[in-house]
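Q: Would you be able to build a 3D model of this:
(one chain, ligands or ions: 1)
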Amino acid sequence: MSSRLPGLYTLTVAERRQRVAEAAGIDLGELAALDGGLSEDDAAGMIENVLGRYALPFAVATNFTVDGADALVPMVVEEPSVVAAASNAARMVRAAGGFTARVSPPVVTGQIQLTHVDDVDGAAAALTEAAPTLLARARELSPRLCARGGGPRAVRARVLARPPGPDGGVVVVHLDVDCRDAMGANLVNTLCERLAEPVAHAAAPAGAPRPRVGLRILSNLSDQRTVRVTCVAADDALADARCPGPEVRAAIAAASRFAELDPYRAATHNKGVMNGVDAVLVATGQDWRAVEAGAHAFAARTGAYRPLAVWREVPGGLAGELELPLAVGTVGGALHVHRGARLALRLAGAGDAPRLAALAAAAGLACNLAALRALATDGIQRGHMALHARAVARAAGAPADLVDEVAEAMAAAGEIRIEAARVILRELSAKDLP
Ligand code: NAD
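A: Numbers count the residues shown, from 1 in each chain. Next up, the predicted model:
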């Protein structure tokens, strides 16, 4: 299939569905699941105190090639421009071969906290010695995951605090688990709970008092389950009518260095990355809070908050690289019940967790490129304000044939407010009177 669907944005929603269904080889009728994709009963079973189902726009970004294969990238997001930005940047990158992703094995880390450990070094040494036995026990506790080729991979002890202190000596045991195509939170939490007693026992060498078991839960800083995605955009793809490619390239590389120097800028830079990542995660029913928490902890892992994506000038173009933890699943979690999210995975052709992670990361790098290019050329506000002005014109009651005229008049006057839109509408309507 090709993800090049030129002019998709000019079609009506019904026409777009037809075109996307054909491109993805999915029965048109099945796309009805995109309107919610969740029954009231299922919603009521998912969370507490349910009153209804909340809708957001569902779209696909076009032009993506990731690891040599085209994909339509599903996105659910409330912010204008994100889907257009992703599609535009994917087109720039496509000419140079698209995105390349390196996805690590899907290893998630669980933590078992031990407190009131008298001899933290002795406990850590005892745990290291007992690691093969603990690992074997963890494998026995997860036969189905092991049968799928995943399962526990390592047990490690870290000393966090020495006595005295409010919790005495604190040691944490990390359990690394290959979760295959699951996000893995429940799998890892269950394993940590079941392994906690054997771990506490192993931490107390003969005669030593037994430590207390504290928390038993996964870490969302899944720095072993990462995606590194790279791309190149050639100068001629970066150029616009007023700005030659080499200038755009230099400006984007300078913007990247700004983010590398300054956490205030890095936060906004990373927000642009997460515009793309989160939109894919929401569309495909993922735990986006888990990924957000992991992404920002990863961005700060050196002690300074850094950009997740960096851009460098290369001969004739610009090379981008994004790395972040992405614990995503194509089974389990909300996918058990959400038909819309399952359909999104099919639209994307994301049959396993590594492919989904690669697509989400590519969307993140694309959104970052589009934002930096806009900032480096026009200033991002121009395009944004035009979209915002149209939304305000609609909110002020402008009929479809007057939306653009009202929006342009507001933008020209530098006043994008509902009251201004109403005044312009009244003026336009008065002009039409005989
Ligand atoms: P899950 O509990 O639905 O478990 C996944 C299931 O899929 C398992 O039963 C497994 O046997 C099965 N499975 C089928 N095919 C598989 C395959 N190919 N690979 C792997 N497993 C396969 O889901 P989960 O992924 O363990 O947990 C995700 C959920 O946990 C999310 O809803 C998340 O919001 C939630 N959660 C998150 C946190 C956190 O991030 N801190 C904490 C608690 C819960």
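
Q: Every contact and neighbour count from this point should use C-alpha atoms.
A: Noted.

Q: what's the nearest residue to Ile418 if we skip its chain neighbours?
A: Ala396 (5.5 Å; CA to CA, 6 or more residues apart in numbering).

Q: The ligand contacts on the chain?
A: Contact residues, the chain versus the ligand (CA under 6 Å from any ligand atom): 179-187, 220, 287, 290, 331-334.

Q: Check the residues you listed for burial and list the buried ones.
A: Buried residues within the residues of the chain next to the ligand, defined by neighbour count using 16 or more other CA atoms under 10 Å: 179-185, 187, 220, 287, 290, 331-334.

Q: Just the closest of these to Pro105, please.
A: Here the nearest of those to Pro105, counting by CA to CA, is Arg180; it sits at 8.0 Å.

Q: residue contacts, the closest one?
A: Residues in contact with Arg180 (CA atoms under 8 Å, 6 or more residues apart in numbering) are Pro105, Pro106, Leu145, Arg148, Gly149, Gly150, Ala353.

Q: since we're on the second one, how many residues are nearby?
A: Residues within reach of Pro106, counting by other CA atoms under 10 Å, total 26.

Q: do the fifth one as well
A: By the criterion of other CA under 10 Å, Gly149 has 10 neighbours.

Q: got it, and the third one?
A: Close neighbours of Leu145, defined as other CA under 10 Å, add up to 19.

Q: Check what pLDDT the residue nearest to Ile418 gets.
A: pLDDT for Ala396: 93.

Q: Quick check: it touching Arg426?
A: No. Ala396 lies out of contact with Arg426 (CA atoms under 8 Å); the separation is 10.8 Å.

Q: the more surrounded of those two?
A: With other CA under 10 Å as the criterion, Ala396 and Arg426 differ in neighbour count, and Ala396 comes out ahead with 19 against 12.

Q: how is the protein carved up into domains?
A: Taking automatic domain parsing as the reference, the chain has its domains at 8-99+227-378, 107-218, 383-432.

Q: what about the longest one, how long is it end to end?
A: Which is domain 8-99+227-378. Its first and final residues considered, domain 8-99+227-378 spans 25 Å by CA to CA, to the nearest Å.

Q: Tell me which other helices or strands the lowest-mean-pLDDT helix or strand in the chain touches.
A: Across the helices and strands of the chain, mean pLDDT, DSSP states H and E gives its lowest value to helix 381-395, namely a mean of 78. With contacts defined as 3 or more CA pairs under 8 Å, 6 or more residues apart in numbering; DSSP states H and E, the secondary structure elements packing on helix 381-395 are helix 403-413, helix 418-432.

Q: Now do the buried residues in it.
A: Under the neighbour-count criterion of 16+ other CA under 10 Å, helix 381-395 has Met385, Ala386, Leu387, His388, Ala389, Arg390, Ala391, Val392, Ala393, Arg394 buried.

Q: nearest to Ala43, of these?
A: Comparing the buried residues of helix 381-395 against Ala43 with CA to CA picks out Ala391 as the nearest, at 29.8 Å.

Q: where exactly do the strands run in the stretch 51-200 of the chain?
A: 58-66, 69-76, 100-103, 107-115, 151-161, 170-178 (DSSP state E, counting those that start in this stretch).

Q: Let me have those strands in CSV, extended by mean pLDDT, distance to Arg339 and mean neighbour count.
A: Converted to CSV, the strands of the stretch 51-200 of the chain look like this (pLDDT from 0 to 100; distance: least, CA to CA, whole Å; neighbours: other CA atoms under 10 Å):
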stretch, mean pLDDT, distance to Arg339, mean neighbour count
strand 58-66, 98, 13, 25
strand 69-76, 98, 14, 24
strand 100-103, 98, 26, 19
strand 107-115, 98, 26, 26
strand 151-161, 98, 28, 19
strand 170-178, 98, 26, 26
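
Q: possible to save those as TSV with distance to Gly122?
A: As requested, the strands of the stretch 51-200 of the chain are arranged in TSV below (distance: least, CA to CA, whole Å):
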stretch	distance to Gly122
strand 58-66	49
strand 69-76	51
strand 100-103	37
strand 107-115	13
strand 151-161	10
strand 170-178	11
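
Q: of those, which approaches Leu308 most closely?
A: Comparing the strands of the stretch 51-200 of the chain under CA to CA, the one sitting nearest is strand 100-103, at 14.7 Å.

Q: For the closest one, give me every contacting residue.
A: Contacts made with strand 100-103 from outside it, assessed by CA under 8 Å, 6+ apart, are listed as 66-68, 225-231, 354, 357-358, 362.

Q: redo that, cut-off 10 Å
A: For strand 100-103, the surrounding residues in contact (CA atoms under 10 Å, 6 or more residues apart in numbering) are 65-68, 225-232, 321-323, 325-326, 353-355, 357-359, 361-362.

Q: Then stretch 139-148?
A: In this structure, residues lying in contact with stretch 139-148 by CA under 10 Å, 6+ apart are 133-135, 150-153, 177-182, 187-188, 190-191, 194-195.

Q: And that stretch, end to end?
A: Stretch 139-148 has an end-to-end distance of 12 Å (CA to CA).

Q: And for stretch 53-61?
A: With CA to CA as the measure, the first residue of stretch 53-61 is 24 Å from its last.

Q: same check, this time on stretch 91-109
A: Its start and end residues considered, stretch 91-109 measures 36 Å (CA to CA).
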